[in-house]
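Student: could you work out the structure for the sequence below:
(one chain, ligands or ions: 1)
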Amino acid sequence: MSYKRVLTIQDISCFGQCSLTVALPILSAAGLETVILPSAVLSTHTAGFTGYTVRDLSDDIPAIAAHWRSEHISFDGIYTGYLGSVGQIDQVLDIIKTLSAPGAVTVVDPAMADNGKLYPAFDEEYARQMRRLAFSADIILPNMTEASYLTGIGYREEYDEKYVREMMGALRDSGAKTVVLTGVSYDEETTGVAVLDGEKFDYYRHKKLPRGSHGTGDVYASAFVGAYMRGMSAYDAAAVAADYTVACIENTADDPAHSYGVKFEPVLPYLIKRLS
Ligand code: PXL
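Tutor: I've put the predicted structure just below:
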């Protein structure tokens, strides 16, 4: 089995089962050498907690990248998520330019918004700057809200396939080679993932669980990157990641107090099985 090295750049929310505390175990379970670059350290994530601490690590990132360059370290994949501040967009673009191995894949989860709104730490300027990173990626993994911010196409709660195709076409025409749009739902019972890979449009439908859980975007993106880097097509990786995320939500459903994240760890054997 080929052994790939992936760099993931996103925050450490010490408590809350999202970003790096999700990405590192999932990518490792997928059999990838996983290198982390924390964009910021927070006591918790920012959704549903108040009074959290934040330390932006922008001042450390250039020196870390310079050290890696001096050690001739490079990456087969670079996967970015929640960043600490708008200035990190250029830092990340520079890392992609200087630390990618030949043929490396870049995957950008423009983690900045959900349910029609930006996350508390971000503003319109961040969303505008995120376009530069997202549109330079090989693969982007926005949800419907993020796709709306990236394209300028108005966010809608209800829509049809024509709207979804228009959104994805706009993302692809702006530069992203493959678009994986999450949380695409046409009815009450089901939701799914739309994939535009070159000219090919596909939709993977799965059941919609009554309770939306925090952190599922990060679980999804990490499982997608794991599966894709293991050699699956974008569509197959999108489907495996969806099944794993649903299984994680189901594994959390009997514990309403656990609303800050999903219990993804006990379900890792299922993901590993799907990847082997
Ligand atoms: O799951 C996305 C995410 C990651 N990191 C932090 C967040 C959020 C979403 O709110 O607050 C710090």
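
Student: show the subsequent helix or strand relative to the longest helix belonging to the chain.
Tutor: With secondary structure taken from DSSP state H, the chain has its longest helix at helix 234-252. On the C-terminal side of helix 234-252, the closest following helix or strand by DSSP states H and E is helix 268-275.

Student: mind listing what's buried in that following helix?
Tutor: Across helix 268-275, burial judged by 16 or more other C-beta atoms under 10 Å covers Leu268, Leu271, Arg274, Leu275. In short, each C-beta sits where N, CA and C put it, glycine included.

Student: partner residues bridging the closest residue in space to Ala239 that isn't next to it in sequence?
Tutor: Nearest in space to Ala239, with sequence neighbours left out and distances taken as C-beta to C-beta, 6 or more residues apart in numbering, is Tyr204 at 4.6 Å. Counting by DSSP bridges, Tyr204 is bridged to Val193.

Student: tell me, how many residues neighbour Tyr204?
Tutor: Counted with other C-beta atoms under 10 Å, residues neighbouring Tyr204 total 19.

Student: check contacts around it.
Tutor: By C-beta atoms under 8 Å, 6 or more residues apart in numbering, the contact list for Tyr204 reads Gly192, Val193, Val195, Tyr235, Ala238, Ala239, Ala242.

Student: cutoff 7 Å now
Tutor: By C-beta atoms under 7 Å, 6 or more residues apart in numbering, the residues touching Tyr204 are Gly192, Val193, Ala238, Ala239, Ala242.

Student: need the pLDDT of it.
Tutor: On pLDDT, Tyr204 comes in at 98.

Student: and the residue of the stretch 151-276 of the chain at minimum distance from the ligand, its phi and psi?
Tutor: Nearest residue of the stretch 151-276 of the chain to the ligand: Asp218, at 4.7 Å (C-beta to the nearest ligand atom). Main-chain dihedrals, Asp218, degrees, to the nearest 10: phi -70, psi -40.

Student: quick check: it touching Thr80?
Tutor: No. The pair Asp218 / Thr80 is not scored as a contact, 11.7 Å apart, by C-beta atoms under 7 Å.

Student: what packs against the helix or strand Ala227 falls within?
Tutor: Assigned by DSSP H and E, Ala227 belongs to helix 216-229. When contacts are defined as 3 or more C-beta pairs under 7 Å, 6 or more residues apart in numbering; DSSP states H and E, helix 216-229 packs onto helix 20-29, strand 75-80, helix 234-252, helix 268-275.

Student: returning to that earlier point: please report which of the contacts of Tyr204 has the highest neighbour count.
Tutor: In terms of neighbours by other C-beta under 10 Å, the contacts of Tyr204 top out with Ala238 at 30 neighbours.

Student: that one touches Phe224, doesn't it?
Tutor: Yes. Between Ala238 and Phe224 there is a contact at 6.2 Å, judged by C-beta under 7 Å.
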